[in-house]
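Engineer: here's a sequence, model it:
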Amino acid sequence: MNRSRNIIIILIGLFGWPATTAAQTITLDNYLSGLKQSHPLFEREALSVGVEEFSRDANLGSKDWVISSGPSFVRVKPLPPSILTAPTVEQTSIGLEAQRIFWKTGGRLGVSWSTDLLNQIDRPSIEGFDLGPAKYYQNNAILTYSQPLLQNFKGELDRLGYDLGEYSVKSVTIQSLEHQEDFLLNMGLEYISWVLLVEQTAIATERLRLAEQQFDQAKKKRAANIIDEVDVLRAEDAVRIAEQGVVLINAQLKGKRAELAVIAQQADLTGMQPDFDLYTKVTIPDFETAAADLRQNSRILKPLDIQRQQLERQQSGLDESIKPQLYFNTQIALKSGNDVFGDAMGLNKNDLGASLQFSYPLGNRAARNRAQKNALQVRQVALSHEDAALALEAALQSILIQLEDFERALEVNRRQIETAKLRTQEEEERYTKGRGDLAFVIQSQDSEERARLTYAQNAATYQGLKLRLSSLMDELLID
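Structural biologist: Residues are numbered from 1 along each chain as shown. Sure, this is the predicted structure:
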């Protein structure tokens, strides 16, 4: 029997003593803070926001200057032949053009430069007539600006892609925070499971201590021929059962602690104990106040609010696309030409131009149908928001009711433990005086242990509900 007791002591030493022994401890807040620093999920979620930001910023490319250039060469043999035209005409051109869109106005600015060479090969000459040089260089510098007056006035459509992308960034940011909080909730519940196993280990270890004490007393009484051998066997059997319970619970404790250490990437966690009071009473908020806070601030509802705003912005863009297109176009051109290349660079002539351009598809059914579809989607999101809000209120009500019920259950558990303890004391006293049976003592001790285990399990569930409430109210992860 002493050998078995030594084995139990070694196992407890390997797996960890209960929280009452001196050991380095870690609180729930510290464990969750460590997770935020070390677990890859948090970096991954931050990167998801960065990815969405790059997608949004890709729309900024429409504001960039667009540079284009293209040399060209054309050889033409005019038809029909004429005494005034050359049989072969070559035109060589090279140009450079830059264009840009202005989001604030919706206007388009264009700047271009071109150099042309007109070469009339074997052009006939007519005596007494000046047909001009056969080879002629021309340079042109042109500035154009086009301003929308109806559709896309003030760049409403030009900014649309970026604005919609901004809403997507906000939505992904909120969803990323929610994923992080869900993870913290799950790990918080795992931490409470660890606390429960530590408490169960303490209860099981105390039950083993009482069983061994009872067994030692039984052996002494048997040696004094006070009790029968069957009482010694009963006491020994109780020790065996208690030993088994300690070993099994300690095995679970060791596994849970190793799991938490790996997830947190904190190897020294295997030598720590949780610093958490299972039996602390939590503060239960008022339902009306908490429900109003949920509707106003819940992170679950915010993506739906953002989606509605995004659809409303898209609606404004669709409404804009229904408008007719009316552009005011202006152009200023500076030009010069000469049969000598160097003398053709003066840009001493100018052209001015202005025009209005109107365009409108009759019926415009495509744009109108898209706008009507988008309006229905806005209504769908509003209904989804209300559905989610009701689900949150239902979850809140359920948690609050359970918390109140578990408080009453825990009070019943406490009274049950006191009753079981008094019964154990009474049975031990009766047995010591020879008026009771050892089986009743063991049965009472087992009943007391079960009451303590039930109390611990209910307390862990109670604390888990408080953790779920904190998550529901977005208190586990502060934005």
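
Engineer: keeping just the C-alphas, turn stretch 32-45 into CSV.
Structural biologist: Extracted in CSV, the C-alpha atoms of stretch 32-45 (Å, rounded to 0.1, in the frame of the first residue of the first chain):
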residue,chain,number,x,y,z
LEU,A,32,-5.1,36.3,-23.3
SER,A,33,-2.6,39.2,-23.6
GLY,A,34,0.2,36.7,-24.3
LEU,A,35,-1.9,35.1,-27.0
LYS,A,36,-2.4,38.5,-28.7
GLN,A,37,1.4,38.9,-28.8
SER,A,38,2.3,35.4,-30.0
HIS,A,39,-0.5,33.7,-31.9
PRO,A,40,-0.4,33.9,-35.7
LEU,A,41,-4.1,34.5,-36.0
PHE,A,42,-3.7,38.1,-34.9
GLU,A,43,-1.1,38.9,-37.4
ARG,A,44,-3.1,37.1,-40.1
GLU,A,45,-6.2,39.2,-39.3
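
Engineer: and the strands in the stretch 201-350 of the chain?
Structural biologist: Ranges of strands within the stretch 201-350 of the chain are 272-275, 325-338, 349-359, based on DSSP state E, counting those that start in this stretch.

Engineer: just name the most buried of those.
Structural biologist: Across the strands of the stretch 201-350 of the chain, the average number of neighbours (mean count of other CB atoms under 10 Å) peaks for strand 272-275, which reaches a mean of 20. C-betas here are computed from N, CA, C, even on glycine.

Engineer: quick one: mean pLDDT for that strand?
Structural biologist: The average pLDDT for strand 272-275 rounds to 94.

Engineer: just put the strands of the stretch 201-350 of the chain in CSV and tack on distance to residue 124.
Structural biologist: Converted to CSV, those look like this (distance: least, CB to CB, whole Å):
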stretch, distance to residue 124
strand 272-275, 104
strand 325-338, 22
strand 349-359, 28
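
Engineer: surely residue 117 meets residue 133?
Structural biologist: No: the pair residue 117 / residue 133 is not scored as a contact, 11.3 Å apart, by CB atoms under 8 Å.

Engineer: residue 96 - that's part of a strand, no?
Structural biologist: Yes: judged by DSSP: H, G, I helix; E, B strand; the rest coil, residue 96 forms part of a strand.

Engineer: so who does it touch?
Structural biologist: By CB atoms under 8 Å, 6 or more residues apart in numbering, the contact list for residue 96 reads 67-69, 112-114.

Engineer: likewise residue 228?
Structural biologist: So residue 228 contacts residue 222 (CB under 8 Å, 6+ apart).

Engineer: equivalent analysis for residue 97, please.
Structural biologist: Neighbouring residues of residue 97 by CB under 8 Å, 6+ apart: 67-69, 110-113.

Engineer: quick one: low-confidence parts of this protein?
Structural biologist: Under the criterion pLDDT under 70, the flagged ranges of the chain are 1-23, 81-84, 126-131, 363, 479.

Engineer: output the longest helix belonging to it.
Structural biologist: Using DSSP state H to define each element, the chain has its longest helix at helix 365-432.

Engineer: for that helix, enumerate the helices and strands it packs against.
Structural biologist: Packed against helix 365-432 by the contact rule (3 or more CB pairs under 8 Å, 6 or more residues apart in numbering; DSSP states H and E) you find helix 287-297, helix 302-322, helix 438-472.

Engineer: identify the residue spatially nearest to residue 295, adjacent ones excluded.
Structural biologist: residue 389 (5.4 Å; CB to CB, 6 or more residues apart in numbering).

Engineer: do the same with residue 322
Structural biologist: Leaving aside its sequence neighbours, residue 322 sits nearest to residue 367 (CB to CB, 6+ apart; 4.8 Å).

Engineer: what helix or strand does the most centrally placed residue in the chain sit in?
Structural biologist: Nearest to the mean C-alpha position of the chain, by CA atoms, centre = their mean, lies residue 176 at 1.2 Å. Assigned by DSSP states H and E, residue 176 falls within helix 160-223.

Engineer: residue 444: how many residues sit nearby?
Structural biologist: Using other CB atoms under 10 Å, residue 444 has 21 other residues around it.

Engineer: typo on my end, it should be residue 425
Structural biologist: That count, for residue 425 with other CB under 10 Å as the rule, works out to 12.

Engineer: residue contacts, the nearest residue to residue 281 once chain neighbours are set aside?
Structural biologist: In space, and not counting its chain neighbours, residue 281 is closest to residue 407: 7.0 Å by CB to CB, 6+ apart. In this structure, residue 407 makes contact with 281, 284, 462, judged by CB under 8 Å, 6+ apart.

Engineer: make JSON lines out of those and add neighbour count and distance to residue 87.
Structural biologist: JSON lines is the format used below for those (neighbours: other CB atoms under 10 Å; distance: CB to CB, whole Å):
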{"residue": "281", "neighbour count": "11", "distance to residue 87": "107"}
{"residue": "284", "neighbour count": "16", "distance to residue 87": "101"}
{"residue": "462", "neighbour count": "23", "distance to residue 87": "103"}
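
Engineer: before we move on, the earlier item: now the residue nearest to the centre of the chain. Nearest residue, chain neighbours left out?
Structural biologist: residue 45 (4.0 Å).

Engineer: and the one you found, how many residues sit next to it?
Structural biologist: Counted with other CB under 10 Å, the neighbours of residue 45 add up to 18.

Engineer: is it true that it touches residue 181?
Structural biologist: No: if you go by CB under 8 Å, residue 45 and residue 181 don't touch, sitting 10.4 Å apart.

Engineer: okay, the angle between the longest helix of the chain and helix 438-472?
Structural biologist: Here helix 365-432 points in a direction 160 degrees away from that of helix 438-472 (axes from the mean of the first three to the mean of the last three CA atoms, to 10 degrees).

Engineer: gap between helix 365-432 and the chain center?
Structural biologist: Offset of helix 365-432 from its chain centre (CA atoms, centre = their mean, to the nearest Å): 24 Å.

Engineer: relative to helix 160-223, how tilted is it?
Structural biologist: Counting by the same axes, to 10 degrees, helix 365-432 lies at 10 degrees to helix 160-223.

Engineer: Throw the helices and strands packed on helix 365-432 into a markdown table and include distance to residue 60, thanks.
Structural biologist: A markdown table is the format used below for the helices and strands packed on helix 365-432 (distance: least, CB to CB, whole Å):
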| stretch | distance to residue 60 |
| --- | --- |
| helix 287-297 | 32 |
| helix 302-322 | 17 |
| helix 438-472 | 37 |
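
Engineer: and residue 206, which of these is closest to it?
Structural biologist: Among those, helix 438-472 comes nearest to residue 206, with 7.9 Å by CB to CB.

Engineer: what comes up buried for the closest one?
Structural biologist: 438, 440-442, 444-449, 451-456, 458-472 (16 or more other CB atoms under 10 Å).

Engineer: try stretch 378-390
Structural biologist: Neighbour-count burial for stretch 378-390, counted by 16+ other CB under 10 Å, picks out 378, 381, 385, 389.

Engineer: name the residues that touch that stretch?
Structural biologist: Contact with stretch 378-390 is made by 294-295, 298, 300-301, 304-305, 307-308, 311-312, 315, as judged by CB under 8 Å, 6+ apart.
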